[in-house]
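Visitor: Dropping a prediction and its sequence here:
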Amino acid sequence: MDVDDNPFRGAGLPIGGIAEQRRLRVDPTDAQALLARCPVHAPTPLLTLPRLAERSGVGKLDVKDERARMGLGSFKALGAGYVIARMATDRMDRPDHQASVEELAVALEGTVFACASAGNHGMSVAAAAAVFGAEARVYLSETVPEAFAGRLRERGATVVRAGGDYEASMAAAQQEARDHGWVLLSDSSWPGYLDVPARVMKGYLVMAAEMVEAIEPPPTHVVVQAGVGGLAAAVTALVRERWGDGPTVVVVEPSRAPALQASIRAGRPVAAPGPASSMGRLDCKEPSILALDELARAADAFVTISDDEVQATVELLRAHGIDTTPSGAAGVAVLHHADGHRDALGLDADSQVVAIITESLEHTS
């Protein structure tokens, strides 16, 4: 495990004002209202795990359990789901609450959404597109298991294999969306592509709001895993808006894909190439600039964790009745392997920690 304090806390990165053009508005109200109309939407549970807290040497450990989110097995159901639902309702010539189910079911007929995915984002795009009459094309790298491709096809998506890693599949999705006039729906952001990923992050605020509203008093630590950084940024932004500067926010990445940590070290967005990680949904080599902007300003520490370390935590969680993947276990893994870094992270026997189990096992293999 490798720990870096954030030297840009408060000021943020000097990245030319790009992200500030579309900085995340920390207001989940619209997303909450829209998603509340979905019959499968419901808050996910917050679990208190005293035995794991004792094992980790902290006073309390709560985990936000996203494994059953909207039947898709991941928090990512909220992101693309909100973007597509918002687009559908925006096309209606009447207020959201007056559109019938039948009207919404065909609201996006003729629209094609293209995305790259290492797992759960593609499921969210496929499921939401089907609800509103649109098509989904999901671009997968060669490393994504065929079983997952099959689940996407069951949701009605067209699956396209493209390249050896997530970045290659993203490039293919971008190119074909441009060539065919499709809607590119990415949870990452870059110069010139900010509006859609900002809406994705707004959907993630729903989960963050559920979490903070279920915890009293505020915790001392919030630990959240990151791929391109959208979830981590949304959670961090809402934590700061609701709880201020009190909690220490720790962002966790695979040691084989430390895009955010490397960017913080460089003082600018950089790629972090490396071998594939078992944390497949976090195995992203380039950061979202919107997420990086938020995290540089508001997160306290950036941590990387190895595949071996997180696998040990997967097994520990399973022994306590929680089945998840390496990606889903990454936040808890920081506590499991904190020895030698406890002072750097400010962890002790009085610490009150909240982490997130981001995905289920069955939906991502």
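Guide: Yep, that arrived.
Visitor: With adjacent residues omitted, what lies nearest to E241?
Guide: V26 (4.3 Å; Cβ to Cβ, 6 or more residues apart in numbering). All C-beta atoms are positioned from the backbone trio N, CA, C, and that covers glycine.
Visitor: Pull up the distance across stretch 252-271, start to finish.
Guide: 16 Å (Cα to Cα, to the nearest Å).
Visitor: Buried residues, that stretch. List them.
Guide: By neighbour count with 16 or more other Cβ atoms under 10 Å, stretch 252-271 contains the buried residues 252-264, 269-270.
Visitor: Then stretch 100-116?
Guide: L104, A107, L108, T111, V112, F113, A114, C115, A116.
Visitor: Export these to JSON lines and append columns for distance to T248.
Guide: Converted to JSON lines, the buried residues of stretch 100-116 look like this (distance: Cβ to Cβ, whole Å):
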{"residue": "L104", "distance to T248": "42"}
{"residue": "A107", "distance to T248": "43"}
{"residue": "L108", "distance to T248": "42"}
{"residue": "T111", "distance to T248": "42"}
{"residue": "V112", "distance to T248": "43"}
{"residue": "F113", "distance to T248": "37"}
{"residue": "A114", "distance to T248": "38"}
{"residue": "C115", "distance to T248": "33"}
{"residue": "A116", "distance to T248": "32"}
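Visitor: Now tabulate these in CSV and tack on pLDDT.
Guide: Putting the buried residues of stretch 100-116 into CSV (pLDDT from 0 to 100) gives the following:
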residue, pLDDT
L104, 83
A107, 90
L108, 94
T111, 97
V112, 98
F113, 98
A114, 97
C115, 96
A116, 93
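Visitor: residues of the host helix or strand of D308 that come out buried?
Guide: Assessed by DSSP states H and E, D308 sits inside helix 307-319. For helix 307-319, a neighbour-count test (16+ other Cβ under 10 Å) marks D307, E309, V310, T313, V314, L316, L317 as buried.
Visitor: One more: stretch 168-181?
Guide: Buried residues in stretch 168-181, counting neighbours by 16+ other Cβ under 10 Å, are found at S169, M170, A172, A173, Q174, E176, A177.
Visitor: ok, of the buried residues of stretch 252-271, which one's closest to M201?
Guide: Ranked by distance to M201 (Cβ to Cβ), these are led by L260 at 14.5 Å.
Visitor: Could I get the buried residue list for the longest helix along the chain?
Guide: Counting residues, the longest helix found in the chain (DSSP state H) is helix 195-214. Neighbour counts using 16+ other Cβ under 10 Å place 196-212 of helix 195-214 among the buried residues.
Visitor: How far off centre is it?
Guide: Counting by Cα atoms, centre = their mean, to the nearest Å, helix 195-214 is centred 9 Å from the centre of its parent chain.
Visitor: Kindly report the same for stretch 58-77.
Guide: Using Cα atoms, centre = their mean, the offset of stretch 58-77 from its chain centre is 11 Å.
Visitor: pLDDT on it, on average?
Guide: Taken as a whole, stretch 58-77 has a mean pLDDT of 95.
Visitor: and that stretch, how far apart are its ends?
Guide: Stretch 58-77 end-to-end distance (Cα to Cα) = 31 Å.
Visitor: Return the alpha-carbon coordinates of the very next helix or strand once past the longest helix of the chain using PDB.
Guide: Counting by DSSP H and E, the next helix or strand C-terminal to helix 195-214 is strand 221-225. What follows is strand 221-225, C-alpha atoms only, in PDB (Å, rounded to 0.1, in the frame of the first residue of the first chain):
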ATOM      1  CA  HIS A 221     -12.900   8.900   7.700                       C
ATOM      2  CA  VAL A 222     -14.600   8.300   4.400                       C
ATOM      3  CA  VAL A 223     -12.800   5.800   2.200                       C
ATOM      4  CA  VAL A 224     -13.800   5.500  -1.500                       C
ATOM      5  CA  GLN A 225     -12.300   3.700  -4.400                       C
END
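Visitor: What helices and strands are in contact with strand 221-225?
Guide: When contacts are defined as 3 or more Cβ pairs under 8 Å, 6 or more residues apart in numbering; DSSP states H and E, strand 221-225 sits against helix 230-243, strand 248-254, helix 326-336, strand 352-357.
Visitor: Same list, the ones you listed, but as a markdown table with distance to L78 please.
Guide: Shown next, in a markdown table, are the helices and strands packed on strand 221-225 (distance: least, Cβ to Cβ, whole Å):
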| stretch | distance to L78 |
| --- | --- |
| helix 230-243 | 9 |
| strand 248-254 | 19 |
| helix 326-336 | 16 |
| strand 352-357 | 13 |
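Visitor: Looking at the ones you listed, spot the one closest to A291.
Guide: Among the helices and strands packed on strand 221-225, helix 230-243 comes nearest to A291, with 3.9 Å by Cβ to Cβ.
Visitor: avg pLDDT for the closest one?
Guide: For helix 230-243, the mean pLDDT works out to 97.
Visitor: What strand or helix carries L61?
Guide: Here L61, judged by DSSP H and E, is contained in strand 60-65.
Visitor: do Q174 as well
Guide: Using DSSP H and E, the element containing Q174 is helix 166-180.
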